[in-house]
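Undergrad: Structure for this input, please:
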Amino acid sequence: MESIESWCASSSELRTYQASVPYVHVPSELVEGFYDFFDPERIGPKPDDPSWGILSKGELSATREFEKRLASVLDDPIFDQGLDVFLASKQFYELSAAASICLRAFDARGKLDEEKEDWR
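TA: Sure thing, here's the model as predicted:
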């Protein structure tokens with residue numbers, strides 16, 4: 001969830017992070033963080049065993065919707081621009097809004113349980 005929360009960070013927080021790691025393309029770092037977390041084969045319920053996995057069906061569905069929005073931004077040339085250009089773009093604001101919507105699916109649970117982060 002932290003990787004999704006990062007997309008909701010304020011522009012100043014992301015700029016502060018960028019200043020601490022000037023050699024890193026922060027949007028790419030956020031994408032990598034998300035895909036480190038999101039692997040439907042490891043975290044979602046399986047058709048033959050719905051009790052398996054970390055995420056509920058609702059959480060998985062919300063995360064997949066966020067991933068679709070993220071994928072559409074990755075194809076946009078604005079993604080490859082500098083952080084300030086990306087932060088000023090409608091794509092960033094739309095992605096941040098999509099992240100907020102996704103996180104609401106986790107409200108009932110709260111943070112992921114450390115024991116359940118043992119990905120098997």
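Undergrad: What are the neighbouring residues in contact with residue 96?
TA: Applying C-beta atoms under 8 Å, 6 or more residues apart in numbering, we find residue 96 in contact with 7, 8. Where you see a C-beta, it was placed from the backbone N, CA and C, and this is true even at glycine.
Undergrad: quick one: secondary structure of it?
TA: Following DSSP: H, G, I helix; E, B strand; the rest coil, the label given to residue 96 is helix.
Undergrad: And residue 15, by the same measure?
TA: Classification of residue 15 using three-state DSSP returns helix.
Undergrad: do the same with residue 101
TA: Using three-state DSSP, the structure places residue 101 in helix.
Undergrad: From residue 71, how far out is it?
TA: 16 Å (C-beta to C-beta, to the nearest Å).
Undergrad: Surely residue 61 touches residue 101?
TA: No: counting by C-beta atoms under 8 Å, residue 61 sits too far from residue 101 to count as a contact (11.4 Å).
Undergrad: burial of residue 22, as a residue count?
TA: Neighbour count of residue 22, defined by other C-beta atoms under 10 Å: 7.
Undergrad: Give me the secondary structure label for it.
TA: Classification of residue 22 using three-state DSSP returns coil.
Undergrad: Thanks again, I'm all set now.
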